[in-house]
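1. test case, fold it:
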Amino acid sequence: MAEHTHTVVIVGGGAAGISTAASLRNQDPTLDIAIVEPSDKHYYQPLWTLVGGGVFPRERSERDEADLIPDGVTWIRDRVSTFEPDAHQITLSSGDTVRYEQLVVAVGIQLNWQAVEGLREALGSGGVCSNYSYDTVPYTWETLRSFDGGNAVFTFPATPIKCAGAPQKIMWLTDHWLRKQGVRDRSRITFGCATPGIFGVPRYAETLSKLAAERGIVERYRHDLVAIRASSREAVFRNLDTDDEHVEPYDMIHVTPPQGAPDVVARSPLANEAGWVDVHKHTTQHTRYPDVFSCGDASSLPNSKTAAAVRKQVPVLTQNLLAHRRGADLPASYDGYASCPLVTGYGRLILAEFGYDGKIMETLPFDQSKERFSLWAIKAHALPRMYWHGMLRGRW
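-> Numbers count the residues shown, from 1 in each chain. This is a model prediction of the structure:
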């Protein structure tokens, strides 16, 4: 077992971790930075909705992690087993320790497939699909293109999730696809959603509710998926208000798995009561350990967990971390900005942009709550390029 020392250690090589490393290197090329990341592949996950809808092959979402590690940054190909902030160190699964002056925690969110009884065993066959992993997303398109009518069910769990719009994006694509194939009239689409409504920001919820009514979507809110009975093709939902169970038959079901803070964070001194890295909502600095910062899905920042949110969090974190190293006041403040490109069909998209308390923060000179092809083109073609060549290079 060995001991390593770096000035800034970033745990996690996803969108938040790579962007933070690149931004720090751009601002101070002399910094000794290390990224702890076990995976050799990096995924642009926002594209998986369109992969599940048959628009792109999944390979378009994948890059080699080695190609994204910024020049001059040390890549430690391991995973963290414990955080020890009082000692300014982490321990890796190999048993090695890594000491730091500042730590950035960007380990993302954990998919808890096992939290739905029968889901893990059923996933990938019998019409049970999910866009929430690289391995499972191709089966969504396989299921959709062979669907010839029946009950199509889409779920949203009673937990925080990455990209809160994703559970319904594939639903809208399914509705559009079935109409194009001439089988929508013999199909029933149900949205079993644990939240009180279709979207948390009223401006966009109004449009989406109208679309659901116009397109004949059966809406079941405050309904949380608790079990899959694969042998009988039944989905069991729990009514969160009455605790009663509701059984929904399915021929196809797209499941958004329950999600939560990674176990390694939740059991650490860095966690708040809910398990997330406990940071100040505006500065991204830890509330108890000033040398620790966090952004992205693992943080306690009370906003939607999206790549667009990370894009706005990273500049705040890097400015504040560098100021903290100088002993200066933290100059930057995160306003809660998040963006959700809500695919509502092939060639159709609503672009939700908002900050803390649902404040509308739209950037384009027209009403983004209306379906537009131009917004679809941004989602499908512009945003992936901006991610790979801008955000992950610390330039956007």
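
2. bridging residues for Met252?
-> Ala152 (DSSP bridges).

3. surely it is in contact with Ser130?
-> No - taking contacts as Cβ atoms under 8 Å, Met252 lies outside contact range of Ser130: 11.5 Å. (C-beta placed from N, C-alpha, C; glycine too.)

4. and these two? Which one has more around it.
-> Ser130 (26 against 22; other Cβ atoms under 10 Å).

5. hang on, Ala152 packs against Arg188?
-> Yes - counting by Cβ under 8 Å, Ala152 does reach Arg188; the two are 7.1 Å apart.

6. who has more neighbours, these two?
-> The neighbour comparison of Ala152 against Arg188 (other Cβ under 10 Å) goes to Ala152, with 25 against 17.

7. so Leu392 sits in a strand?
-> No - checked against DSSP: H, G, I helix; E, B strand; the rest coil, Leu392 lies outside a strand; its state is helix.

8. the closest residue in space to it that isn't next to it in sequence: which element?
-> Distance criterion Cβ to Cβ, 6 or more residues apart in numbering; nearest residue to Leu392, sequence neighbours excluded, is Ile18 at 5.0 Å. Element membership for Ile18, per DSSP states H and E: helix 15-27.

9. starting from the very next helix or strand once past that helix, tell me which strands it pairs with and how they run.
-> Following helix 15-27 in sequence order, the next helix or strand is strand 33-36 (DSSP H and E). Sheet pairing of strand 33-36 (DSSP bridges) gives strand 3-11 (parallel), strand 74-76 (parallel).

10. what's across from Ile228 in the sheet?
-> Bridge pairing for Ile228 - DSSP bridges - gives Ala235.

11. burial of it, as a residue count?
-> For Ile228, using other Cβ under 10 Å, the count is 25.

12. tell me which residues touch it, please.
-> 116-119, 122, 128, 234-236, 253, 255 (Cβ atoms under 8 Å, 6 or more residues apart in numbering).

13. try Ile10
-> Ile10 touches 17, 20-21, 33-36, 103-104, 106, counting by Cβ under 8 Å, 6+ apart.

14. could you do Val310 as well?
-> 15-16, 19, 295-296, 391.

15. show the contacting residues for Thr287.
-> Contacts of Thr287 (Cβ under 8 Å, 6+ apart): 278-280.

16. Arg60 too?
-> Counted by Cβ under 8 Å, 6+ apart, Arg60 has contacts 47, 51, 384.

17. surely the last one meets Tyr44?
-> Yes - with contacts counted by Cβ under 8 Å, Pro384 reaches Tyr44, the gap being 5.8 Å.

18. out of the contacts of Ile10, which one sits closest to Asp291?
-> Leu103 (6.4 Å; Cβ to Cβ).

19. check contacts around the nearest residue in space to the closest one that is not next to it in sequence.
-> Spatially, and ignoring its direct neighbours in sequence, Leu103 is nearest to Val292 (4.8 Å; Cβ to Cβ, 6+ apart). Contact analysis of Val292 by Cβ under 8 Å, 6+ apart lists 85, 102-105, 270, 277, 285-286.

20. neighbour-wise, which of those leads?
-> Val277 (33 neighbours).

21. residue contacts, the residue most central in space within the chain?
-> For the chain, the residue nearest the mean C-alpha position is Lys162 (2.6 Å; Cα atoms, centre = their mean). By Cβ under 8 Å, 6+ apart, Lys162 lies in contact with 45, 108-109, 259, 297, 305-306.

22. how about those residues in TSV, adding neighbour count?
-> Output for the contacts of Lys162, formatted as TSV (neighbours: other Cβ atoms under 10 Å):
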residue	neighbour count
Gln45	22
Gly108	22
Ile109	20
Gln259	21
Asp297	30
Lys305	20
Thr306	25
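
23. Thr5: which of those is nearest?
-> Taking those together and measuring to Thr5 by Cβ to Cβ, the closest member is Gly108, at 25.1 Å.

24. how about residues contacting the helix or strand where Gln102 lies?
-> Per DSSP H and E: Gln102 is located in strand 97-105. For strand 97-105, contacts defined as Cβ under 8 Å, 6+ apart pick out 1-12, 17, 20, 34, 36, 76, 83, 85, 87-92, 265, 270, 277, 291-295, 298-299, 317, 321, 324-325.
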